[in-house]
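Trainee: Let's see this in three dimensions:
(2 chains, ligands or ions: 2)
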Amino acid sequence: MTEKIRLEAVTKLFNTRGTTTVALKPVDLSVRDNEFVALVGPSGCGKSTILNMVAGLMPASGGRVLYDGAPVAGANRRVGYMTQKDTLLPWRSTADNIRLALELKCRRTAKSEADDRVAQMIDLVGLKGFEKHFPAELSGGMRKRAALARTLIYEPETLLMDEPFGALDAQLKLVMLDQLQRLTQDRRMTVLFVTHDLAEAITLADRIVIFSGRPGRIRSIHDIALPRPRDVYKARFDPDFAHLHATLWDEMKDDVIAAGARA
Amino acid sequence: MIAWAASPFGRIVTRVLLVLACLAFWQFIPVSRAVRFWMSSPSLIAEQFWLWLLDGTLWFHLQASLYVMAQGYVIGSAFGIVFGFLLGHFRRVHRVLTPFLSAVYAVPKIALTPLFIILLGVDNASKIALVGVTVFFLILTATIDGVRDVDHDMVQSFSLMGATRLEIVRKLLIPASLPWIFTGMRIAVRYAFTNTLLAELIASNRGLGFLIEFNSGNFNTTGSYAAIFALVLCSVGLTELLSRGEARIARWRLP
Ligand SMILES: Nc1ncnc2c1ncn2[C@@H]1O[C@H](COP(=O)(O)OP(=O)(O)OP(=O)(O)O)[C@@H](O)[C@H]1O
Ligand SMILES: [Mg+2]
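Mentor: Residues are numbered from 1 along each chain as shown, chains lettered A, B, ... in the order given. Ligands and ions are numbered 1, 2, ... in the order given. This is a model prediction of the structure:
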């Protein structure tokens, strides 16, 4: 398989009011085409920063970020980015928010087809009955799902997702994971997925990248060799799953606890 | 008695009685002929008002004022919105121009009236210019604030989706700054009205302001009071219209 995303000795510094924060120490990472990679690590270790750089929203301070072999310069339109904070438009209803990408000139879609795809997406994320609601009238989890649908509807070849399911309850989260797995497999998407939830990462990912606390760097990378398609509802009762979970947690816990103590 | 006056119906009756009492006092207080000349009387004022209503004087001047106000308002708003978007979008240009803009913004525009009169004459043009400039700066700042308040993350999400610059303006910047522009335009109505009047008071040959100024200049106190009464009616009407319009917009914004 070919390489989709490549970080070469990428570092990131932030200057805020005279003080310099080292967000990332040199990071090397390569993501293959159609691969699902999860990034986990303590809060503030630079996970969102990595997604921002892959999306071309901020430059690296050192090293190179490559997409399809070419350096990322400026907004990377090949990726769909579901940010940590949702960016739904408050004056558009759920359905109209989800439709947004299909209204743009670069992929203008006939109204009837757009209507169909919006309806499909609303179904997929379980927002039936809330099409006409405005973002302010949705719960936190519903907003996340609307934002997810808005990104998925135009089927970008690469998905960057920053804690997309953080605000969902455990059952709904499983439904969403199932849908996401199906869609990304069917459409052969490449996914870079940030999460705090190890179980979620193991359920979905081909590889899990564990970061250590600030300044962020890669502590270890683990292949998740569970067969696909995975049954997200039962995966966590599998002995292999439990074993992986224990290993990875051992790997992470010191940093997580340290980050918690610092905060 | 006090409890009765506090009920909705009682309140209205009390108000009417209050007005009647004042008018009666004004009408019947025994004063010398000289004092009576300066303070006129409700019956004389009503008579004058009625006369103006019948012979069309009132309509003529009211129309003249509204015409100036509306023209200045529309022109000022249109330019304010267009330049507001340009300056809000091209931040570097805005940063260069900021000190000049604040300087002009801070000047009470009424001070420019004599200049406008020299340049454009005492006809409508000079008054429209004054109203237009006042409204322009109000709308300009409101629009710039609106455009700059747009969440940068939203702009980025639009670019990642592949939106063109024009699409970002049409689908994001304009709808996002509409509430700001509306707020500015609402405030600007009152400024437009005040400045129309001030311009007419300073130098003019028609309009409600002129009517007040003309009658005072001729020591026609009855006429001055009648003209001021017309102005009060006009202000009340405008305020009423505005608050209805606002209620409608608020409903539109919170569907
Ligand atoms: N725009 C910015 N300006 C200054 N510092 C920033 C900026 N963005 C991130 N940082 C800093 O970089 C570090 C990493 O931030 P980042 O948002 O990537 O963390 P994260 O791993 O996504 O954390 P979380 O899990 O809490 O979302 C933090 O210390 C943060 O303070
Ligand atoms: Mg983050």
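Trainee: name the element the nearest residue to B:L44 once chain neighbours are set aside belongs to?
Mentor: What sits nearest to B:L44 in space, not counting adjacent residues and going by Cβ to Cβ, 6 or more residues apart in numbering or on different chains, is B:T222, at 4.6 Å. From N, CA and C alone the C-beta is placed, and that goes for glycine too. Assigned by DSSP states H and E, B:T222 belongs to helix B:221-253.
Trainee: Show me what that helix packs onto, helices and strands only.
Mentor: In terms of contacts (3 or more Cβ pairs under 8 Å, 6 or more residues apart in numbering or on different chains; DSSP states H and E), helix B:221-253 is packed against helix B:33-39, helix B:42-55, helix B:57-89, helix B:174-202, helix B:208-217.
Trainee: Output the ones you listed in TSV; the columns should cover mean neighbour count and mean pLDDT.
Mentor: Shown next, in TSV, are the helices and strands packed on helix B:221-253 (neighbours: other Cβ atoms under 10 Å in any protein chain shown; pLDDT from 0 to 100):
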stretch	mean neighbour count	mean pLDDT
helix B:33-39	10	87
helix B:42-55	15	92
helix B:57-89	19	92
helix B:174-202	20	88
helix B:208-217	20	89
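Trainee: can I get those helices in JSON lines with distance to ligand 1?
Mentor: Below are those laid out as JSON lines (distance: least, Cβ to the nearest ligand atom, whole Å):
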{"stretch": "helix B:33-39", "distance to ligand 1": "69"}
{"stretch": "helix B:42-55", "distance to ligand 1": "66"}
{"stretch": "helix B:57-89", "distance to ligand 1": "22"}
{"stretch": "helix B:174-202", "distance to ligand 1": "21"}
{"stretch": "helix B:208-217", "distance to ligand 1": "54"}
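Trainee: And A:K12, which helix or strand is it part of?
Mentor: A:K12 belongs to strand A:3-16, assigned by DSSP H and E.
Trainee: touching ligand 1 at all, that strand?
Mentor: Yes - under the criterion of Cβ under 6 Å from any ligand atom, ligand 1 is reached by strand A:3-16 at A:F14, A:T16.
Trainee: buried stuff in that strand?
Mentor: Within strand A:3-16, the residues that count as buried by 16 or more other Cβ atoms under 10 Å in any protein chain shown are A:K4, A:I5, A:R6, A:L7, A:E8, A:V10, A:T11, A:K12.
Trainee: ok, back up a step: will you turn the helices and strands packed on helix B:221-253 into a markdown table that also has distance to B:H152?
Mentor: Output for the helices and strands packed on helix B:221-253, formatted as a markdown table (distance: least, Cβ to Cβ, whole Å):
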| stretch | distance to B:H152 |
| --- | --- |
| helix B:33-39 | 62 |
| helix B:42-55 | 57 |
| helix B:57-89 | 13 |
| helix B:174-202 | 12 |
| helix B:208-217 | 46 |
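Trainee: List phi and psi for the spatially closest residue to A:K132 that is not a sequence neighbour.
Mentor: In this structure, A:K132 finds its nearest non-sequential neighbour in A:S93, 5.1 Å apart by Cβ to Cβ, 6+ apart. Per-residue torsions, A:S93: phi -70, psi 170 (degrees, to the nearest 10).
Trainee: A:S93 contacts A:A136, doesn't it?
Mentor: No - with contact defined as Cβ atoms under 8 Å, A:S93 does not reach A:A136; the gap is 10.9 Å.
Trainee: the more surrounded of those two?
Mentor: Comparing A:S93 with A:A136 by other Cβ atoms under 10 Å in any protein chain shown, the one with more neighbours is A:S93, at 19 against 10.
Trainee: So for A:W249, which of the helices and strands packed on helix B:221-253 sits nearest?
Mentor: Nearest to A:W249 among the helices and strands packed on helix B:221-253 is helix B:174-202; the distance by Cβ to Cβ comes to 43.5 Å.
Trainee: The closest one: how far from the chain's middle?
Mentor: Here helix B:174-202 is found 6 Å from its chain centre; the criterion is Cα atoms, centre = their mean, to the nearest Å.
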